[in-house]
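>>> Return atomic coordinates for the entry below.
(one chain, ligands or ions: 1)
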Amino acid sequence: MFSRGTMKKVFSGKKFRLGPVHQRRSIIEAESPGSEDFLHSGRDEEMLSLSEAMVEQAVGYMAVPLGLAGPLLIDGRQYMIPLATEEPSVIAACSFAGGLTARHGGISTSASDPVMAAQIFIEDKGGLGSAGIEIIQAAQESIKDKLMPMLLSMENRGGGWRGMETDWMESERIFFVTLKIDVRDAMGANLLNSAAERVRPLLEQLTGGQVLMAILSNRCENRIARAAFSLPVKSLLRPGSGGRETAERIVKAARIARKNSDRAVTHNKGIMNGISALALAACNDTRAIEAAAHAYACRDGQCRGLSEYWLEGNVLHGSLEMPLPFAVTGGAVDFHPTSRWALALLDNPDARGLSRIAAAVGLMQNLAALRALVCEGIQEGHLSLHARRLSFSAGARGEDIGAYTQVIRREAIRSRSAAMNRFKRWKKEHAPL
Ligand code: NAD
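Next up, the predicted model:
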């Protein structure tokens, strides 16, 4: 799209990097024929200012579809769940499974306290070896005292200091200290990073070593949420397949995902389809949530499915347990209008509440995917959504999208060019007299 000369001369120049967003957009307009669609679609002044406030070298913003899944019955309350996603079928799947479980008591959830961890790695320059562990642990109270001024407001909210652990990595001759802090409604990245930085000098003084790095860990194994449901097998009855048979096939499919890591990765990706979409709608750090989820799935050395299913008599049970470091304040959460609206729609939960909703969404996504997989297969649903997109790219808009999608499905049109040609004829056939 851009010539090499343009890349060097224009985009690495100060004018581009440091100028206002409109200047960058003018440069794009001048240097990049073909950007009209992008420039035209992102012209909202408020959103342009927001983009500038949020990221560096902003040139616009990207509209991702936002839909509402549900209603989901979670802990006795009905929720419509805001999901921001580019993937078709995510919202339909979540709503389908939500409807199924809502007719049988819904989903029950729980969450641990939102405890995050930060690590400080100290090179052993004084030759203490593993004996340094005791020296550091013995200084736990001094380390805590050092942190208290910065933890005070978190302590006042009911969070704050939750202890520390020390370990020794022989191969690198490094001590590492793990600080644990309850961050209440925040994700906590900045607080954890600041805390780790704050104790650097004290740890160097105690050990005679040198700090290599100090940063939070995205593992979040102490920030766990759970969701569970129970369904009578007869609720899974479908033409050509008994409810019990479907339930047994779901249990088997989930068991395979616990044992086969290739399958587990995709199984968990499906769970994240809903969770990441909720995270994006609530302007949370999607990468942090995904990193924690995948690390948890691999915690015993093999990637395993995060959910479990089992049968008791004629009842199918499903459950999901995973770290869900969701925040309802801090980062971009507070000031992005979509995020504020999304949280209001969920009745402004606290961070634990939001992580419980996320666990329920993940489990519903998983139930719908497993049911489709062991019954009709997932392509069937995807094909109808593919037809909808084909209908749009052929030129259909508004009510025409649905009507022309039927034509695409009926006539098994697969390619964009065929869809466009047929659309022209279809429009003529349906032109008002
Ligand atoms: P933040 O820096 O905005 O801090 C949260 C703020 O909320 C604090 O100032 C806190 O005092 C305040 N607050 C008000 N009410 C609160 C309540 N009830 N509970 C808790 N805090 C409350 O945000 P953060 O959570 O420290 O960091 C999140 C951001 O950091 C995200 O944008 C994330 O992408 C980014 N980040 C992530 C990583 C990582 O994941 N490795 C690293 C660096 C930065």
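
>>> And L316, its phi and psi?
Main-chain torsions, L316, degrees, to the nearest 10: phi -90, psi 130.

>>> contacting residues for it?
By Cβ atoms under 8 Å, 6 or more residues apart in numbering, the residues touching L316 are 230-233, 236, 247, 250-251, 309-310. C-beta here means a position set from N, CA and C on the backbone, and glycine is covered the same way.

>>> Show me how to select, in ChimeraX, the buried members of those residues.
To isolate the buried subset of the contacts of L316 in ChimeraX, counting by 16 or more other Cβ atoms under 10 Å, use the following:
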select :230,231,232,233,236,247,250,251,309
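
>>> which one in the contacts of L316 is the model shakiest on?
pLDDT is lowest at L236 among those; the value there is 94.

>>> Distance to T109 and secondary structure for the contacts of L316 - can I get that in a markdown table?
Compiled in a markdown table, the contacts of L316 are given as follows (distance: Cβ to Cβ, whole Å; DSSP: H, G, I helix; E, B strand; the rest coil):
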| residue | distance to T109 | secondary structure |
| --- | --- | --- |
| S230 | 14 | strand |
| L231 | 16 | strand |
| P232 | 21 | strand |
| V233 | 23 | helix |
| L236 | 22 | helix |
| A247 | 22 | helix |
| I250 | 20 | helix |
| V251 | 21 | helix |
| Y309 | 17 | strand |
| W310 | 18 | strand |
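
>>> For C220, list the residues it contacts.
So C220 contacts 116-117, 288, 292, 296, 323, 325 (Cβ under 8 Å, 6+ apart).

>>> Mind giving me the ChimeraX command for buried ones among these?
Selection of the buried residues among those in ChimeraX, burial being defined by 16+ other Cβ under 10 Å:
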select :116,117,288,292,296,323,325
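
>>> quick one: which of the contacts of C220 sit in strands?
In strands, judged by DSSP state E, the following of these are found: 116-117, 323.

>>> So what's the predicted local confidence for R414?
pLDDT, R414: 89.

>>> which non-adjacent residue is nearest it?
L390 (8.0 Å; Cβ to Cβ, 6 or more residues apart in numbering).

>>> For the ligand, see how far away the residue lying closest to L72 once chain neighbours are set aside is.
Leaving aside its sequence neighbours, L72 sits nearest to G98 (Cβ to Cβ, 6+ apart; 3.9 Å). From G98 across to the ligand, the span is 29 Å (Cβ to the nearest ligand atom, to the nearest Å).

>>> Dump the helix or strand harbouring G98 to PDB, restricted to CA.
Under the criterion of DSSP states H and E, G98 resides in helix 90-102. Output in PDB follows, covering the C-alpha atoms of helix 90-102 (Å, rounded to 0.1, in the frame of the first residue of the first chain):
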ATOM      1  CA  VAL A  90     -20.300 -16.600  19.000                       C
ATOM      2  CA  ILE A  91     -23.300 -14.700  20.100                       C
ATOM      3  CA  ALA A  92     -25.800 -17.200  18.700                       C
ATOM      4  CA  ALA A  93     -24.000 -20.100  20.400                       C
ATOM      5  CA  CYS A  94     -23.900 -18.300  23.800                       C
ATOM      6  CA  SER A  95     -27.600 -17.300  23.600                       C
ATOM      7  CA  PHE A  96     -28.600 -20.900  22.600                       C
ATOM      8  CA  ALA A  97     -26.800 -22.500  25.500                       C
ATOM      9  CA  GLY A  98     -28.000 -19.700  27.800                       C
ATOM     10  CA  GLY A  99     -31.600 -20.400  26.900                       C
ATOM     11  CA  LEU A 100     -31.100 -24.100  27.400                       C
ATOM     12  CA  THR A 101     -29.700 -23.700  30.900                       C
ATOM     13  CA  ALA A 102     -32.100 -20.900  31.900                       C
END
